[in-house]
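**Student:** sharing a model that was predicted from the sequence below.
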Amino acid sequence: MRLNDPASVAAEYASEQGLLDRRAAYRHAEGPYAPALAVEAVLEGRPRRVLEVGCGPGEAAAAIQAAGVEVQAIDSSERMVELARERGVDARVADVQELPFEDASFDCALAAWMLYHVPDVERAVSELARVLQADGRLVAVTNRREHLQELARLVDDWPESSFDDVNGPPLLRRHFGKVEERDVGGWIDFPDRDAVVAYVDASRQLFSGALRLGAEVPLRVRRAPVIYVATR
């Protein structure tokens, strides 16, 4: 299975339920809260106009906007755009592979846990670089290959990522002059079998492998998000 299969991604994000169910597992998490740190990475550059691609329900875009920054958000899912608009975010349905904005329109862009869902990630990064000003920055968030590795060993056909800590940095460096890496890892402690099964079931549109869970619970699982701050 691949995380960037268009049909699977469209089905997964036609509703917010799978996303909410996966997030529920993070009530068992310890370590830094990566979404907030991604927003901080955007704001520390003192941007005036920010583009968020793959905005989802709009939490990050709304937080950036609350800091007094003009925000434009896009997502491929009509439902995600609807939820972002409910938060007061200027959001529209659009494709990161063909951004509907002029060159140098923004001084910062945020792509959080979404580039691995794009069929042509090289084209997406190229488009993000195009719409950024000459001194602009891209904050790109993804997961390292060891993310959830203790769980991955228990699931057949765990999906590969086209944008992680191995293939992501070289791609970014082809379009940006400097790429800074920030680790924001931690752990998730699944207390019982039901918690593990609920997490896996929440991702069934993205991978369909069988869960082989025996006596491993409670299960301690590594979280390995990484934030890349790429500047032109």
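**Tutor:** Yep, it's here.

**Student:** tell me the contacts of Ser126?
**Tutor:** For Ser126, the contact set (Cβ atoms under 8 Å, 6 or more residues apart in numbering) comprises His175. Just so you know, the C-beta spots here come from the backbone N, C-alpha and C atoms, and that holds for glycine as well.

**Student:** dihedrals phi and psi, it?
**Tutor:** The phi and psi values for Ser126, taken as degrees, to the nearest 10, are phi -60, psi -40.

**Student:** would you map the helices across this protein?
**Tutor:** Remark: helices assigned in the chain by DSSP state H are 6-12, 17-24, 34-43, 59-66, 78-86, 121-131, 149-152, 168-173, 193-201.

**Student:** got CSV for those, with mean pLDDT too?
**Tutor:** Shown next, in CSV, are the helices of the chain (pLDDT from 0 to 100):
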stretch, mean pLDDT
helix 6-12, 91
helix 17-24, 90
helix 34-43, 97
helix 59-66, 98
helix 78-86, 98
helix 121-131, 98
helix 149-152, 93
helix 168-173, 98
helix 193-201, 91
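
**Student:** how about these, which one is nearest Phe101?
**Tutor:** helix 121-131 (4.8 Å; Cβ to Cβ).

**Student:** hmm, back to that, columns distance to Tyr228 on top of the helices of the chain, output as CSV?
**Tutor:** Output for the helices of the chain, formatted as CSV (distance: least, Cβ to Cβ, whole Å):
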stretch, distance to Tyr228
helix 6-12, 21
helix 17-24, 22
helix 34-43, 9
helix 59-66, 15
helix 78-86, 22
helix 121-131, 11
helix 149-152, 20
helix 168-173, 6
helix 193-201, 25
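
**Student:** and of the ones you listed, who's closest to Val53?
**Tutor:** Closest approach to Val53 among the helices of the chain (Cβ to Cβ): helix 121-131, 7.0 Å.

**Student:** now the closest one: buried residues?
**Tutor:** By neighbour count on 16 or more other Cβ atoms under 10 Å, the buried set for helix 121-131 is Val121, Ala124, Val125, Glu127, Leu128, Ala129, Val131.

**Student:** try stretch 139-155
**Tutor:** Within stretch 139-155, the residues scored as buried using 16+ other Cβ under 10 Å are Val139, Ala140, Val141, Thr142, Asn143, Arg144, His147, Leu148, Leu151, Ala152, Leu154, Val155.
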